[in-house]
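J.: can't give you the sequence, but here's the structure:
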């Protein structure tokens, strides 16, 4: 299989075409169309360090959630130049999938968190420009917020923040990964016990407290490792392509 063929299949499966409003340049950001795909690397961010780790690990493609291009042209200078040059010099393909990898009902960050929590079914939740990118549902049994955080691998080192303003034991949960803190209003309207995201703006604190909901922010990075890891497992299982995950924790 060529790297190009693999990228095309990932783009199709994640229905990238349904997210034209995403400011990320979803799809192949650095091409190596004729390269045979023998090993794949996965990471949350396309930083110099993750590109270097992919190259050093012998990968032919690096699949990321956060790519290099966001909505407008950017000069290829400074650190951006170093990232692009390192990939080009090594013939490494870079494939970025942003909102489609948050929203996917199987491989997405939010669905994978629901699965990790053993939620008893989960439904679309969290409207963003007419598409629901998150999920909501019920836990298999009541849990405390710290228990939920431990299952998801959230910690203070990953930037975790908890606002405890609701029930001690939570059952109903809404999930929107990344910078979804402002969407807590949607969880409040639906009467959920707990809202899970990555990061939160300061101004939502009083809203959370005054509406009696529990709020769990696990860190932007840590809330978005789930999707790329799911793609990695699928790549290994379905195509037998050796793959590895590059964990470059930011603590943010």
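T.: Received, thanks. Note that the structure is a prediction, hence the values are computed from the model and not measured.

J.: which helices and strands does the longest strand along the chain pack with?
T.: Determined from DSSP state E, the single longest strand within the chain is strand 131-143. Counting contacts by 3 or more C-beta pairs under 8 Å, 6 or more residues apart in numbering; DSSP states H and E, strand 131-143 packs against helix 99-103, helix 109-116, strand 122-128, strand 170-175. No exception for glycine: its C-beta is placed from N, CA and C like everyone else's.

J.: Swap in 6 Å and give it another go.
T.: In terms of contacts (3 or more C-beta pairs under 6 Å, 6 or more residues apart in numbering; DSSP states H and E), strand 131-143 is packed against helix 109-116, strand 122-128, strand 170-175.

J.: Show me the one of the ones you listed that comes nearest residue 213.
T.: strand 170-175 (9.3 Å; C-beta to C-beta).

J.: mean confidence for that closest one?
T.: Averaging pLDDT along strand 170-175 yields 98.

J.: Any buried residues in the longest strand of the chain, and which?
T.: Using 16 or more other C-beta atoms under 10 Å as the test for burial, strand 131-143 gives 131, 132, 133, 134, 135, 136, 137, 138, 139, 143.

J.: Equivalent analysis for stretch 173-186, please.
T.: Within stretch 173-186, the residues that count as buried by 16+ other C-beta under 10 Å are 173, 174, 175, 176, 177, 178, 179, 180, 181, 183, 184, 186.

J.: for stretch 209-220, same thing?
T.: 211, 213, 214, 215, 216, 217, 218, 219, 220.

J.: re the thing from before, if we take the buried residues of strand 131-143, which one ends up nearest to residue 114?
T.: Once C-beta to C-beta is applied, the member of the buried residues of strand 131-143 that ends up nearest residue 114 is residue 135, at 5.0 Å.
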